[in-house]
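Colleague: I'd like to go over a predicted model; first the sequence, then the structure.
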Amino acid sequence: MSETLRLDKWLWHARFARTRSLAAKLVAEARFRINGNPTGKAHHAVRAGDVLTFPLGPHIRVIKVLALGVRRGPAPEARTLYEDLEPPPPKPAVPADPPVAPREDGAGRPTKRERRATDRLRSDE
């Protein structure tokens, strides 16, 4: 028999969940499929070569298990445990600074300079 690892533990090792209990909760609440077969059990065995399909955030993730892992290491090490068969679409580019709307003189609130000029006029009276 080939080596296996619990699904929740593998999700935790691969950094799809912050804690193992959150990984178990994710499996119980989400619609997980392992090689096309639905599962809701956190203790389901995962092997190298299995394909996992599950919702994560707004995306449906399709992940191929490459290795099982022995610890929850840093993110670059975790990325070696799987291959993303359908990566999420890239995020849209956000402009650095929104353009400032032009303001005509005398429209809207006075600027600090205009307010000081008004105060000077009033203090002369």
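Modeller: That came in fine, so what should we check first?
Colleague: distance from the chain centre to stretch 115-124, please.
Modeller: Put simply, stretch 115-124 sits 54 Å off its chain's centre (Cα atoms, centre = their mean, to the nearest Å).
Colleague: average pLDDT for that stretch?
Modeller: For stretch 115-124, mean pLDDT is 86.
Colleague: and for stretch 28-35?
Modeller: On average, stretch 28-35 scores 90.
Colleague: span of it from start to end?
Modeller: Its start and end residues considered, stretch 28-35 measures 17 Å (Cα to Cα, to the nearest Å).
Colleague: which positions within that stretch qualify as buried?
Modeller: By neighbour count on 16 or more other Cβ atoms under 10 Å, the buried set for stretch 28-35 is Phe32, Ile34. C-beta coordinates here come from the backbone N, C-alpha and C atoms, glycine included.
Colleague: for it, the distance to its chain's centre please.
Modeller: The chain centre lies 19 Å from the centre of stretch 28-35; the measure is Cα atoms, centre = their mean.
Colleague: same thing with stretch 81-88?
Modeller: Worked out by Cα atoms, centre = their mean, stretch 81-88 lies 14 Å from the chain centre.
Colleague: who's in contact with it?
Modeller: Residues outside stretch 81-88 that contact it (Cβ atoms under 8 Å, 6 or more residues apart in numbering): 10, 13-14, 51, 59-69.
Colleague: restricted to helices, list these.
Modeller: Trp10, His13 (DSSP state H).
Colleague: now, among the contacts of stretch 81-88, which is nearest to Thr111?
Modeller: His59 (46.4 Å; Cβ to Cβ).
Colleague: who's in contact with that closest one?
Modeller: Under the criterion of Cβ under 8 Å, 6+ apart, the neighbours of His59 are Pro88.
Colleague: circling back: narrow the contacts of stretch 81-88 to those that are buried.
Modeller: Buried residues within the contacts of stretch 81-88, counting neighbours by 16+ other Cβ under 10 Å: Trp10, His13, Ala14, Arg61, Ile63, Val65, Leu68, Gly69.
Colleague: and the strands in the protein?
Modeller: Taking DSSP state E, the strands of the chain run over residues 5-6, 32-34, 37-39, 45-46, 51-56, 59-65, 82-84.
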